[in-house]
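Asks: Give me the fold of what follows.
(4 chains)
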2 protein chains.
Amino acid sequence: MKNMLRQHLVDRLGDNTDKIDEVISHFKILRKKRNEMLLNQGEICKNVYFVARGCLQVFVYDAESNETTRDIVVENNWCSELISFGNQTPSNENIRTVEISELYYIDRQGFQKMMENVPQFRNVYQQILEYSYANSVYRINTFVALSSLERIKWLMDNRPGLMSRLSGKLIASYLGISQETFSRLKGKL
Amino acid sequence: MKNMLRQHLVDRLGDNTDKIDEVISHFKILRKKRNEMLLNQGEICKNVYFVARGCLQVFVYDAESNETTRDIVVENNWCSELISFGNQTPSNENIRTVEISELYYIDRQGFQKMMENVPQFRNVYQQILEYSYANSVYRINTFVALSSLERIKWLMDNRPGLMSRLSGKLIASYLGISQETFSRLKGKL
DNA sequence: ATATTGCCTTGACATTTGTCACGATTTCAG
DNA sequence: CTGAAATCGTGACAAATGTCAAGGCAATAT
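Replies: Residues are numbered from 1 along each chain as shown, chains lettered A, B, ... in the order given. Now for the predicted structure:
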């Protein structure tokens, strides 16, 4: 399955076998079951993860310790708490698996070495950042502008497959509504 | 007032007069009154703006053409629609002044030249991106996790001065609530 | 200076959403 | 395979928020 990562990098760094091998050599594999924590808030985020298989949830707790989900990351995507990772400050967010997952991760030391030694890797980081940012902007505009029902439609259009793949509870926490409201509104489509 | 920009760059690029002068030479000044558009959705975003004085609003229209504000940018900060600017794709967002403003802007050609010629300028871009991203993440978590009243408190804590400086209408559209609810909840503090 | 425009607040009411409760079904672990 | 736990849909009611309307005040332009 490390081919997933290789292909992902080839698509972005170009087909330069030496460089690709050097980059890949810094990644280690991690296999996880469902509901295993990768990061707890307050900890410093040590790794950047590439999801080869499975699904991760990035979330925070509100005052009543309900979970609210900022991001859902599926295979062939990157996941980290970049702010904590970049500044080595405590994370405000939690990350955990919601499915059996196969991950490849790079730690900060390896990451920095790559940033210095492989100019194209800087571009990969910049792309991760730009992609994450674009995602966030979409999500904010979705939240501020749309009603609950419209958000559900938005999810179906923009992240097809997610609704049938994940629990209603998780989807609802991603949309910022209660499970019950989600269940009811779904029926109206 | 170009000193604002110079100081901002010195703080980030280091005190290298030659480089700073080269970078600054690519910026032009722009003075705007209140309520002037800098970018309309559908257009390609041509510039990155540095706000030396005044205040900008980044917003979208919902289905009923109400404005919903994704970001409010005050002096000593950068503003652009980075996704449109970076990919030269049509913008989903609008930008306009909400106060008399003094801006310095760099166009895409100048920006790219700086990215190639001045390595530290890449770092500035990366910092803008990281900062914008961190901002967005905060905002999403605020939105998903907090009630309207809590969002108002969040705004007072995290962006002090904004509430007294701007109209309730604008603040409400930034918080994703109606003017009336904003007015009522404010009273309960 | 004055007219105009926009802004803020408040009331009344409609709508949306949340909360609690319950039973039916599905999923999961031992 | 089987019991325990989680999930899902639904009803009843409470709470939060939006919408419409109106009046007073402040800012702005001519």
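
Asks: CA atoms for contacts and neighbours, from now on please.
Replies: Fine.

Asks: Need the three-state assignment for the closest residue to residue A:73 other than its chain neighbours.
Replies: Closest residue to residue A:73 apart from its sequence neighbours, by C-alpha to C-alpha, 6 or more residues apart in numbering or on different chains: residue A:56 at 5.1 Å. Assigned by DSSP: H, G, I helix; E, B strand; the rest coil, the conformation of residue A:56 is strand.

Asks: and the strand or helix carrying residue A:60, how far from the chain's centre?
Replies: Using DSSP states H and E, residue A:60 maps to strand A:55-61. Distance of strand A:55-61 from its chain centroid, counting by C-alpha atoms, centre = their mean, to the nearest Å, is 8 Å.

Asks: Wondering if it reaches DNA strand C at all.
Replies: No: Strand A:55-61 is not in contact with DNA strand C by C-alpha under 7 Å from any atom of the strand; minimum separation 13.0 Å.

Asks: which residues sit against that strand?
Replies: Outside strand A:55-61, the residues that touch it by C-alpha atoms under 8 Å, 6 or more residues apart in numbering or on different chains are A:41, A:67-75, A:79, A:92-101, B:141, B:145.

Asks: Of those, which belong to strands?
Replies: Of the positions in those, A:67-74, A:79, A:94-97, A:101 sit in strands, assigned by DSSP state E.

Asks: before we move on, the earlier item: write a PyMOL command that selects only the buried members of the contacts of strand A:55-61.
Replies: PyMOL command restricting the contacts of strand A:55-61 to the buried ones, with burial defined by 16 or more other C-alpha atoms under 10 Å in any protein chain shown:
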select buried, (chain A and resi 41+67+68+69+70+71+72+73+74+75+79+92+93+94+95+96+97+98+99+100+101) or (chain B and resi 141+145)
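
Asks: tell me which residues of the longest helix seen in chain A are tucked away?
Replies: Longest helix in chain A, counting residues (DSSP state H): helix A:119-145. Buried residues in helix A:119-145, counted by 16+ other C-alpha under 10 Å: A:120-122, A:126, A:128-130, A:132-134, A:136-137, A:139-145.

Asks: near chain B too, which of these?
Replies: A:126, A:129-130, A:132-134, A:136-137, A:139-141, A:143-145 (C-alpha under 8 Å from any C-alpha of the partner chain).

Asks: okay, residue A:1: pLDDT?
Replies: pLDDT, residue A:1: 69.

Asks: no no, residue A:145
Replies: pLDDT, residue A:145: 88.

Asks: check contacts around the nearest residue to it once chain neighbours are set aside.
Replies: Computed as C-alpha to C-alpha, 6+ apart, the closest residue to residue A:145 that is not its neighbour in sequence is residue B:62, at 5.5 Å. Residue B:62 makes contact with A:145-146, B:68, according to C-alpha under 8 Å, 6+ apart.

Asks: quick one: which of those residues is nearest DNA strand C?
Replies: Among those, residue A:146 lies closest to DNA strand C (C-alpha to the nearest atom of the strand), at 8.2 Å.

Asks: Give me the neighbour count for the closest one.
Replies: By other C-alpha atoms under 10 Å in any protein chain shown, 18 other residues sit near residue A:146.

Asks: Make JSON lines out of the contacts of residue B:62 and add distance to residue B:160.
Replies: Output for the contacts of residue B:62, formatted as JSON lines (distance: C-alpha to C-alpha, whole Å):
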{"residue": "A:145", "distance to residue B:160": "24"}
{"residue": "A:146", "distance to residue B:160": "27"}
{"residue": "B:68", "distance to residue B:160": "20"}
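
Asks: you'd agree residue A:121 is up against residue A:110?
Replies: No: Residue A:121 is beyond contact range of residue A:110, at 11.4 Å (criterion: C-alpha atoms under 8 Å).

Asks: For the two, list the residues in contact with both.
Replies: By C-alpha under 8 Å, 6+ apart, no residue touches both residue A:121 and residue A:110.
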